[in-house]
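A.B. asks: Just a sequence and a predicted model for now, questions to come.
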Amino acid sequence: MSVSISRNKKYFKLDTKNSTYMLGIADNRFLGHMYYGKRLYLDSDFDRLDYLLGEEREGYLPSKNSCGEGLENRDKITFEDTFPWEFSVPGYGDFGEHCLEAASGDGKEALEFIYEDFELLSEKPELPGLPATFRADGETLVIRLREVKLSLTVKLMYSVFEKEDAIAKSVTVYNDGEEEYTLSRVLTSCLEFPEGQYDLITLHGAWGREREPYRRSIGQGKQSISSIRGVSSHQENPFMAIVDRNATEETGSAYGISFVYSGNFLAQTEMNQFGGIRAVMGIHPYQFAWKLMPGESFTAPEVVHVFSSEGIGGMTRCFHDLYREHLIRSPYWNQRRPVLINNWEATYFNFDTEKLWQIAEKAAECGIEMLVMDDGWFGYREDDSTSLGDWSVNEKKLPGGLKRLVEGIKERGLKFGIWLEPEMVSPDSDLYREHSDWIIGQRGRSTSLGRNQYVLDFSRKEVRDEIYRRIAGVLKSADISYVKWDMNRSLTNVPEGEKYHRYVLGVYDLQNRLVTDFPDLLLENCSSGGGRYDAGMLYYSPQIWCSDDTDAIERLSIQRGTAMVYPLSTMGAHVSDCPNHGTKRTTPFETRGQVALAGTFGYELDVTQIAGEEQQAIHDQVECYYKYNDLIRSGDYYRLPSAAEGKTYDCYMVVSKDKTEALISFVRITTHLSRWNERIYCRGLDEKTVYLLEDRNTELTGSVLMNVGIDVMGAEDEYYGKLIHLVAKK
Ligand code: DGJ
């Protein structure tokens with residue numbers, strides 16, 4: 001049983017393998033958060049946990065602090081102000097951040113939600129129209145709360161993933177009355193932490209510099225990250241970790257909170273007057289005003305909570321396991337992806353059928369398996385100023401259309417993939433000339449352009465239907481195995497109301513149609529690099545382009561930050577040419593290959609123009625990919641001390657689930673003298689197993705590798721790297 005209920009039916013205990021989440025009812029009415037952390041084994045004490053909800057404190061509950069007859073006369077402010085709310089609402093004395101705000105015809109109201117009942121489900125229900133984790137191995141607890149005056153019911157749903165130490169939570173608000181309401185905020189997650197010393201870890205960045213981890217103390221007041229760009233964003237990622245002040249990669253408590261959503265979000269910690277923390281996460285209330293008509297309901301997207309008492313690394317591995325097996329629906333989630341070559345950095349907009357065939361021919365000789373044609377193949381697009389929305393082939397570049405091009409690619413032994421940006425329209429396009437009212441904007445105002453393009457209003461079905469008709473037509477016109485779905489600007493000029501969220505639902509709807517109608521299609525999401533790298537997108541695509549920064553050295557930290565939450569199997573990573581087009585840095589070809597091995601692996605260069613040795617080296621890299629990808633894709637990921645910890649290198653390792661194989665990746669970032677004491681301490685191995693280190697043909701036990709450590713020979717020079725493969729001796 002993953003959910004147990006106390007004999008007095010007041011307390012609910014949700015157990016994963018190593019964690020416990022508890023909530024309970026105080027005074028028969030108020031739903032409070034009792035505990036979240038290391039697994040609890042309770043006996044008769046289950047019924048005696050009143051103190052967690054303050055029930056034993058004299059004067060604490062309003063019922064014991066009465067200043068008159070009847071509920072309405074009870075002195076409630078102190079109670080409201082100090083109670084650990086599981087779902088916080090405004091108006092009666094909870095002055096912290098709230099989960100819900102609702103207005104009736106009388107305007108915004110003070111809210112009071114009273115516990116109504118609970119239900120236990122053996123299967124986790126889907127969330128209509130939303131991405132969500134699935135196949136929970138534990139039960140789902142449903143708690144219903146009812147508003148005392150308005151006809152609103154809230155359903156909180158908690159699903160237990162025992163093996164992955166995760167609890168997924170969603171919230172649905174129902175209008176069971178005759179009146180219409182407007183919801184101006186519905187946050188999903190609300191965690192209350194007792195007084196303590198905590199740090200907050202979040203992921204920050206910019207275009208080309210995504211997801212750098214940032215750790216700081218949680219102090220007084222509110223600390224938040226958010227996006228109001230309509231996408232989850234390059235700047236802040238919908239994830240936060242709350243960890244013990246002393247937590248390390250391997251020790252201490254780490255709570256990971258991740259939003260399964262791809263639009264505006266708010267994630268916030270708030271220290272209260274007693275030093276406790278409230279952490280909330282959900283759709284950002286900015287411009288959010290959702291009309292709830294009689295009989296309707298609104299479901300807020302899911303938040304996944306993960307707990308590890310084995311530090312930040314333990315938290316990361318829980319997310320990787322959960323997202324690989326319980327979020328990514330694509331059949332490719334556990335398959336080696338084809339080694340691809342993408343022509344973006346090879347040609348940008350300047351290509352034609354002949355050029356792509358030349359690339360394909362050489363790529364096939366090198367062992368590459370798929371050619372992806374990037375931006376610039378449609379309408380009359382020669383740069384980024386035209387034709388988005390006109391999803392028909394530019395016959396000037398590709399005479400004979402896609403059919404001829406793809407047949408030629410296939411004759412050369414490669415599969416074919418294509419780039420699309422379905423959410424956008426160029427002002428200079430036939431689509432815009434026909435339907436200029438299809439863009440997101442506000443009447444009477446000019447609409448901002450971003451990269452010379454407008455955002456199509458995907459909240460409107462007729463817009464989605466037409467775009468889908470066009471892109472499905474493209475996909476049916478030739479043998480296309482892969483789509484890179486790009487999205488290159490933020491949403492602006494979005495009116496208050498339902499637009500932001502309905503837009504995201506529209507994107508989900510279209511991606512869902514795509515993968516349903518083309519079940520073998522390998523879909524990669526992308527948003528100017530990694531501007532929409534979130535758990536929501538992973539429900540539709542097993543991989544996401546990590547960043548437009550393809551410099552191997554920069555990629556080390558981008559990929560390391562990304563892997564804080566998201567599995568290596570999801571990270572789009574390619575070898576590009578040097579000097580790197582963005583940073584102008586030159587790195588060894590081998591190192592570029594090694595860095596790309598951490599992800600889905602491919603090339604982003606003109607293979608016909610690189611040196612013969614590099615073409616030759618592609619064979620070796622593809623071989624490495626074949627040799628290591630099963631391990632990298634499905635193993636346990638360990639961050640080893642690296643540049644962020646003051647080292648002159650980047651290092652991580654992946655250990656197979658059965659601990660019989662491991663791979664260490666080491667890349668020197670800056671070189672220095674006198675490094676005789678430099679040691680790598682392995683992690684995650686079996687102490688007693690003897691491992692063969694293939695690079696030096698030495699055998700060492702797991703305990704030596706983890707406690708004594710090893711040195712890394714052959715990666716002394718700047719930007720040189722080394723892979724060390726460990727295989728357990730039989
Ligand atoms: C942004 C993507 O991240 C790039 O990889 C490339 O596809 C360009 N868009 C094309 O416009």
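C.D. replies: Yes, it's here.

A.B. asks: hey, let's count contacts and neighbours off CA atoms from now on
C.D. replies: Will do.

A.B. asks: Counting neighbours, what do you get for Trp676?
C.D. replies: 7 (other CA atoms under 10 Å).

A.B. asks: ok, which stretches of the stretch 301-450 of the chain are helices?
C.D. replies: 311-326, 344-347, 353-366, 401-411, 430-434 (DSSP state H, counting those that start in this stretch).

A.B. asks: Write out the residues of the chain neighbouring the ligand.
C.D. replies: 374-375, 526-529, 548 (CA under 6 Å from any ligand atom).

A.B. asks: Now render those as TSV, adding neighbour count.
C.D. replies: Below are the residues of the chain next to the ligand laid out as TSV (neighbours: other CA atoms under 10 Å):
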residue	neighbour count
Asp374	21
Asp375	23
Cys526	25
Ser527	26
Ser528	18
Gly529	24
Asp548	20
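
A.B. asks: in the stretch 1-150 of the chain, which spans are strands?
C.D. replies: 3-5, 11-15, 19-26, 30-38, 100-104, 107-108, 113-121, 140-147 (DSSP state E, counting those that start in this stretch).

A.B. asks: Most tightly packed of those strands?
C.D. replies: Most buried of those by mean neighbour count (mean count of other CA atoms under 10 Å) is strand 11-15; its value is a mean of 24.

A.B. asks: Tell me which of the residues of the chain next to the ligand fall in helices.
C.D. replies: Among the residues of the chain next to the ligand, no residue falls in helices (DSSP state H).

A.B. asks: residues contacting the residue in the stretch 1-150 of the chain that the ligand sits nearest to?
C.D. replies: Proximity of the stretch 1-150 of the chain to the ligand (CA to the nearest ligand atom) peaks at Pro131, 22.9 Å away. Contacts for Pro131 (CA atoms under 8 Å, 6 or more residues apart in numbering) come out as 260-261, 301-302, 508, 536-537, 539-540.

A.B. asks: ranking these by neighbours, who comes first?
C.D. replies: Tyr261 (31 neighbours).

A.B. asks: May I have the residues that are in contact with the residue of the stretch 201-350 of the chain found nearest the ligand?
C.D. replies: Nearest to the ligand, among the residues of the stretch 201-350 of the chain, is Trp344, at 6.0 Å (CA to the nearest ligand atom). By CA under 8 Å, 6+ apart, Trp344 lies in contact with 373-375, 604-605.

A.B. asks: Repeat the analysis, applying 10 Å as the threshold.
C.D. replies: 350-351, 372-376, 419, 603-606 (CA atoms under 10 Å, 6 or more residues apart in numbering).

A.B. asks: before we move on, what about Trp207?
C.D. replies: 233-235, 527-531, 547-549.

A.B. asks: Tyr348 too?
C.D. replies: Per CA under 10 Å, 6+ apart, neighbours of Tyr348: 373-376, 382-383.

A.B. asks: out of those residues, which are inside strands?
C.D. replies: Met373 (DSSP state E).

A.B. asks: a markdown table for the contacts of Tyr348, including distance to Leu183 and pLDDT?
C.D. replies: Shown next, in a markdown table, are those (distance: CA to CA, whole Å; pLDDT from 0 to 100):
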| residue | distance to Leu183 | pLDDT |
| --- | --- | --- |
| Met373 | 44 | 98 |
| Asp374 | 41 | 98 |
| Asp375 | 40 | 98 |
| Gly376 | 42 | 98 |
| Glu382 | 45 | 97 |
| Asp383 | 43 | 97 |
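
A.B. asks: how about low-confidence regions in this structure?
C.D. replies: 57-60, 63-74 (pLDDT under 70).

A.B. asks: go with 80
C.D. replies: 55-75, 674-676 (pLDDT under 80).

A.B. asks: Kindly list the longest helix within it.
C.D. replies: helix 612-634.

A.B. asks: and that one, what other elements does it pack with?
C.D. replies: The helices and strands touching helix 612-634, judged by 3 or more CA pairs under 10 Å, 6 or more residues apart in numbering; DSSP states H and E, are helix 311-326, helix 353-366, helix 589-596, strand 602-604, strand 649-655, strand 661-668.
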